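J.: Show me the folded form of this:
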Amino acid sequence: MHELWFIIIIIAVALIFDFINGFHDAANSIATIVSTRVLRPHQAVIWAAFFNFVAFLFFGLHVANTIGKGVVDPTIIDPVVVVAALVGAIAWDLITWYYGIPSSSSHALIGGLAGAAVAKSGISALNSAGFIKISVSIVLSPLIGFMLAFIFMFLVSLIFFRTIPRKIDQWFRLLQFFSASLYSLGHGGNDAQKTMGIIAVLLFSAGFLGPTFHIPLWIVLSCHAAMGLGTLFGGWRIVKTMGMKITKLKPIGGFCAETAGACTLFFATGLGIPVSTTHTITGSIMGVGAVTKFSAVRWGVAERIIWAWIFTIPASAFIAAVTWSLTHIWF
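T.: Numbering: from 1, shown residues only. Below is the predicted model:
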């Protein structure tokens with residue numbers, strides 16, 4: 001009975017992380033549509049939260065399975081490892097939110113899980129194939145977002161070269177509703193699944209899911225609901241960085257950035273790769289800005305963001321490892 005209550009508390013903490021994930025990463029879904037003034041902030045978060053929640057209707061659970069079985073050896077997972085992983089991820093999310101830095105909640109969670117697992121069982125606890133897949137995605141997701149956004153922006157600019165700017169703004173203000181919806185679907189479809197994987201592997205290791213690893217529907221719905229609620233509250237500090245400090249966006253640029261980001265996320269989610277939605281949309285925004293001229297991108301801000309990306313996994317892993325070392329002796 002004592003263990004059951006401990007697991008229930010951990011599930012609650014996992015859902016709090018999912019809420020913070022939505023809160024922290026609301027900027028990913030709304031920064032472009034807010035900065036182009038297509039929607040007001042409170043309208044944008046409602047729009048994004050809805051599509052975050054309904055994303056479970058459009059995607060499978062490949063990413064959740066990757067997190068549950070592909071990052072660390074499931075046999076070493078126990079409640080203390082999961083708690084330490086969540087503390088590492090939540091702490092790093094709150095630190096970067098406070099300073100307005102768009103870091104990756106996904107990689108914070110993966111780093112936290114890895115740090116706690118290594119603290120318990122050594123480096124052999126890591127799944128090398130899963131880590132290689134995630135490491136490749138760290139590099140490729142922003143690059144793909146950058147290249148797709150650059151191509152989309154270049155082609156759209158070429159097509160509408162002789163069109164009156166006022167008409168272009170009117171058309172793309174409407175199209176941004178569609179592109180923002182797609183991006184929010186991709187965001188919810190990829191990010192919510194990471195917490196699903198954590199909760200499911202915890203229950204599986206405790207013997208509550210039977211002999212076969214799977215993701216029950218109640219976990220799916222709970223994680224999407226928590227993320228949607230977090231998005232409703234919005235991480236406004238990061239919205240300012242994403243939507244206004246990297247480059248100046250107009251509706252045409254917002255549409256291209258969101259569409260490029262959505263394509264990248266849909267592809268990664270279909271392959272079961274837990275990419276960073278933050279990396280993806282940031283790369284896409286940079287790609288849009290680079291079409292006009294490279295000086296249109298504030299590379300000093302971009303450099304600060306990249307350093308946060310580099311430190312996310314080791315920092316959250318360190319916090320998780322310290323947490324595990326301090327707590328496992330009591331449980």
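J.: okay, CA-based contacts and neighbour counts for the rest of this
T.: Noted.
J.: Can you show me the helices along the stretch 51-200 of the chain?
T.: All helices of the stretch 51-200 of the chain, identified by DSSP state H, counting those that start in this stretch, fall at 62-70, 79-98, 105-121, 128-159, 165-205.
J.: Could you list the low-pLDDT ranges of the stretch 1-150 of the chain?
T.: 1-2, 26-29, 31, 102 (pLDDT under 70).
J.: Find the centremost residue of the protein, please.
T.: Centroid-nearest residue in the chain, with CA atoms, centre = their mean: residue 277, separated by 4.0 Å.
J.: As a quick check, tell me the outermost residue of this structure.
T.: residue 162 (37.8 Å).
J.: quick one: that residue and residue 7, what's the gap?
T.: For residue 162, the distance to residue 7 equals 62 Å [CA to CA, to the nearest Å].
J.: One more: residue 80?
T.: For residue 80, the distance to residue 7 equals 10 Å [CA to CA].
J.: Also residue 207?
T.: To residue 7, residue 207 is 12 Å away according to CA to CA.
J.: more neighbours, residue 80 and residue 7?
T.: A side-by-side neighbour count of residue 80 and residue 7, using other CA atoms under 10 Å, places residue 80 first with 24 against 21.
J.: Hmm, residue 329 and that one touching each other?
T.: No: assessed by CA atoms under 8 Å, residue 80 is found out of contact with residue 329, at 9.8 Å.
J.: What residues sit buried inside the strand or helix carrying residue 14?
T.: Per DSSP states H and E: residue 14 is located in helix 2-35. Neighbour-count burial for helix 2-35 flags 7, 10-11, 13-35 (criterion: 16 or more other CA atoms under 10 Å).
J.: Pull the distance from that helix to the chain's centre.
T.: Relative to the centre of its chain, helix 2-35 is centred 11 Å away, using CA atoms, centre = their mean, to the nearest Å.
J.: One more: stretch 169-184?
T.: 21 Å.
J.: Ok, stretch 42-52 next?
T.: Its chain's C-alpha centre and that of stretch 42-52 lie 16 Å apart, by CA atoms, centre = their mean.
J.: Export it to PDB, keeping only CA atoms.
T.: The C-alpha atoms that make up stretch 42-52 are tabulated as PDB, following Å, rounded to 0.1, in the frame of the first residue of the first chain:
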ATOM      1  CA  HIS A  42      -5.000  34.900 -24.600                       C
ATOM      2  CA  GLN A  43      -6.700  33.800 -27.800                       C
ATOM      3  CA  ALA A  44      -3.500  32.200 -29.100                       C
ATOM      4  CA  VAL A  45      -3.000  30.000 -26.000                       C
ATOM      5  CA  ILE A  46      -6.600  28.800 -26.100                       C
ATOM      6  CA  TRP A  47      -6.200  27.900 -29.800                       C
ATOM      7  CA  ALA A  48      -2.900  26.100 -29.100                       C
ATOM      8  CA  ALA A  49      -4.100  24.300 -26.000                       C
ATOM      9  CA  PHE A  50      -7.100  22.900 -27.900                       C
ATOM     10  CA  PHE A  51      -4.800  21.400 -30.600                       C
ATOM     11  CA  ASN A  52      -2.300  20.200 -28.000                       C
END
